[in-house]
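1. what's the 3D shape of this:
(one chain, ligands or ions: 2)
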Amino acid sequence: MEINFEDKTVVVIGGTSGINLGIAEKFAESGAKLAIASRSQDKVDQAIKILSKNKHKAIGLTGDVRDYSTVETIMKDFNTKLGDFDVLISGAAGNFPAPANGISSNGFKAVVDIDLVGTFHVMKSAYPFLKKPGASVINISAPQAYVPLEFQIHVCAAKSGVDMVTKVLAMEWGNDGIRVNSISPGPIEETEGMKRLAPTEEILNATADSVPLKRIGTKSDIASTAMFLSSDHASYISGTVIPVDG
Ligand code: NAP
Ligand code: COA
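-> Numbering: from 1, shown residues only. Ligands and ions are numbered 1, 2, ... in the order given. Down below sits the predicted model:
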């Protein structure tokens with residue numbers, strides 16, 4: 001099955017590290033023009049260096065998804081420089097493990113604002129620039145959206161909202177020929193998320209053991225799914241949450 005994104009425009013918000021950068025790299029290797037954004041200028045610079053090797057076109061901007069006007073400005077800039085978007089990935093997120101009684105109102109709000117409100121900001125501000133028909137939109141969710149987990153009340157609340165945003169937009173934007181899906185990664189190696197949730201070798205091994213396939217996933221596992229979902233091979237898949245969790 002050949003998948004080619006030569007000269008397609010792919011926007012990855014939160015695309016400067018971890019799973020999202022892995023997705024951006026896979027699209028770049030397939031010939032796509034990349035636009036990425038996150039808060040840290042250092043991370044944007046490092047990611048652009050990685051994505052633009054082999055002379056691929058890659059641009060980046062800094063901004064916080066919690067601020068709507070910032071996200072709107074980023075989308076306009078990406079559109080001016082790279083044209084309408086074939087693929088939009090929304091993956092910015094924050095997480096820390098803590099019991100509900102150990103999370104302040106601001107701590108709960110910080111995660112909901114980044115993951116859920118941020119996803120809405122990314123979707124709404126990108127809509128005018130999505131290719132119609134044909135665009136593929138992917139929100140990066142998590143199993144916490146449908147599995148209640150202790151010490152993850154904020155993430156469970158935020159990511160279940162993200163999956164509903166996916167489904168509602170798939171209904172509303174289906175008329176435009178835009179497909180909207182979520183990918184829900186299981187535990188993925190060498191990521192900030194796993195460092196926070198499985199901080200010791202012992203917990204990491206126990207996590208791998210709890211997966212039926214008996215291994216932690218790779219960034220490539222998620223990136224391959226994002227490529228498939230954005231390709232013509234998935235042209236009748238919309239409004240769904242795809243677990244990639246072993
Ligand atoms: P990560 O490397 O920390 O990725 C998060 C990205 O979002 C970074 O590029 C970060 O860059 C950006 N970001 C964070 N807050 C932001 C904000 N307010 N505004 C704009 N950008 C922001 O973590 P990861 O573990 O790879 O997670 C990536 C995605 O996969 C997340 O959606 C996460 O929920 C999901 N996920 C991860 C796992 C896992 O095993 N790691 C499992 C399930 C789901 P800056 O710091 O520069 O802003
Ligand atoms: N336990 C309990 N509360 C915590 C916490 C922890 N481990 N870490 C942060 N908080 C609280 C803070 O105390 C603060 O609440 P307060 O003002 O009532 O004290 C609130 O969360 C916001 O923290 P702050 O550091 O000001 O927020 P920020 O906007 O700079 O950062 C976070 C957002 C907290 C989500 C930060 O961890 C982050 O930027 N994460 C991005 C990377 C990441 O999480 N990657 C994994 C993705 S799966």
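2. For the residue in the chain sticking out farthest from the centre, which residues are in contact?
-> Centroid-distance maximum for the chain: Asn101 at 28.7 Å, with C-alpha atoms, centre = their mean. Counting by C-beta atoms under 8 Å, 6 or more residues apart in numbering, Asn101 makes contact with nothing. Placement of C-beta: from N, CA and C, glycine included.
3. how much space between it and ligand 2?
-> 10 Å (C-beta to the nearest ligand atom, to the nearest Å).
4. now stretch 6-18, how far from the centre of its chain.
-> From the chain centre to the centre of stretch 6-18 is a distance of 9 Å (C-alpha atoms, centre = their mean, to the nearest Å).
5. how about it, does it get close to ligand 2?
-> No: Stretch 6-18 stays clear of ligand 2 (C-beta under 6 Å from any ligand atom), getting no nearer than 7.1 Å.
6. Return that stretch as CSV; C-alpha atoms alone will do.
-> Output in CSV follows, covering the C-alpha atoms of stretch 6-18 (Å, rounded to 0.1, in the frame of the first residue of the first chain):
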residue,chain,number,x,y,z
GLU,A,6,4.3,14.9,-2.0
ASP,A,7,3.6,18.6,-1.8
LYS,A,8,0.7,18.2,0.6
THR,A,9,0.4,20.7,3.4
VAL,A,10,0.4,19.2,6.9
VAL,A,11,-0.1,21.3,10.1
VAL,A,12,0.8,19.7,13.4
ILE,A,13,0.0,21.8,16.5
GLY,A,14,2.1,20.6,19.4
GLY,A,15,4.4,19.1,16.8
THR,A,16,7.7,19.9,18.4
SER,A,17,8.4,16.8,20.4
GLY,A,18,7.3,13.3,21.2
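7. that older thread, looking at this, the residue farthest from the centre of the chain is in a helix?
-> Yes: Asn101 forms part of a helix when assessed by DSSP: H, G, I helix; E, B strand; the rest coil.
8. Can you get me a residue count around Ile48?
-> 16 (other C-beta atoms under 10 Å).
9. Distance-wise, check the closest residue to it other than its chain neighbours relative to ligand 2.
-> Distances taken as C-beta to C-beta, 6 or more residues apart in numbering put Gly60 closest to Ile48, at 4.7 Å, once the chain neighbours are dropped. Per C-beta to the nearest ligand atom, Gly60 is found 17 Å from ligand 2.
10. now swap in Ala28 and tell me
-> In terms of C-beta to the nearest ligand atom, Ala28 sits 22 Å off from ligand 2.
11. element containing that residue, please.
-> In this structure, Ala28 sits in helix 18-29 according to DSSP states H and E.
12. How about residues contacting that helix?
-> Residues from elsewhere that reach helix 18-29, judged by C-beta under 8 Å, 6+ apart: 5, 8, 10, 12-15, 34, 36, 47, 50-51, 56, 58, 87, 89, 91-92, 140, 185, 188, 190-193, 219-220, 222-224, 226-227.
13. which of those residues are buried?
-> Neighbour counting over these (16 or more other C-beta atoms under 10 Å) leaves 5, 8, 10, 12-15, 34, 36, 47, 51, 56, 58, 87, 89, 91-92, 140, 185, 188, 191, 193, 219, 222-224, 226-227 as the buried ones.
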